[in-house]
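Novice: this one's sequence-less:
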């Protein structure tokens with residue numbers, strides 16, 4: 001799949017400088033590589049799924065827009081909650097938000113982007129557990145609680 005700079009910058013609130021255009025081109029390549037890597041980590045093939053599922057090309061384009069815009073437009077301000085500066089005897093203060101993943105080297109994939117791409121898998125138990133004797137009962141039942149103790 002190809003995503004061009006024009007696909008990404010059409011949603012930006014201002015025109016980009018020449019440096020930002022070059023940066024955006026490089027970040028698009030990096031974003032597509034990261035998306036492909038995330039598919040591969042889950043044993044899936046992005047190129048194959050792009051041909052099989054029509055919605056995925058729109059999702060990939062939206063994910064690239066999200067990743068590149070955060071790196072180009074927001075830039076060093078990603079995760080910044082507030083900033084203040086005093087001119088007097090020089091005082092600068094920056095407050096960072098908690099829980100924000102900051103990718104200083106360019107783009108990164110956050111859980112919301114993974115969800116958009118259909119790559120989030122809920123953690124569910126793989127087994128049914130062993131026999132369990134609930135409090136007050138005399139007969140074991142199947143369940144995960146106390147399964148390491150074996151049969152009673």
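Specialist: Everything's here; your move. Because the structure is a prediction, the values reported are computed rather than measured. Residues are numbered from 1 along each chain as shown.

Novice: CA atoms for contacts and neighbours, from now on please.
Specialist: OK.

Novice: residue ranges for the helices of this protein, please.
Specialist: Along the chain, counting by DSSP state H, helices occupy 5-9, 18-41, 46-52, 54-69, 111-116.

Novice: including mean neighbour count, could the ones you listed go into TSV?
Specialist: Output for the helices of the chain, formatted as TSV (neighbours: other C-alpha atoms under 10 Å):
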stretch	mean neighbour count
helix 5-9	16
helix 18-41	16
helix 46-52	13
helix 54-69	20
helix 111-116	15
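
Novice: what's near enough to touch the residue lying closest to residue 36 once chain neighbours are set aside?
Specialist: Among residues not flanking residue 36 along the chain, residue 46 sits closest, at 5.8 Å (C-alpha to C-alpha, 6 or more residues apart in numbering). Residues near residue 46 by C-alpha atoms under 8 Å, 6 or more residues apart in numbering: 35-36, 39-40.

Novice: from the residues you listed, which is closest to residue 114?
Specialist: The closest of the contacts of residue 46 to residue 114 turns out to be residue 35 (C-alpha to C-alpha; 8.6 Å).

Novice: ok, now which ones touch the closest one?
Specialist: 46, 60, 109.

Novice: low-confidence regions, the protein specifically.
Specialist: 75-81, 96-105, 121-152 (pLDDT under 70).

Novice: how does it divide into domains?
Specialist: The chain breaks down into these domains under automatic domain parsing: 5-76+107-116, 122-152.

Novice: so can I have CSV of those domains showing distance to residue 83?
Specialist: Formatted as CSV, the domains of the chain follow (distance: least, C-alpha to C-alpha, whole Å):
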stretch, distance to residue 83
domain 5-76+107-116, 12
domain 122-152, 37
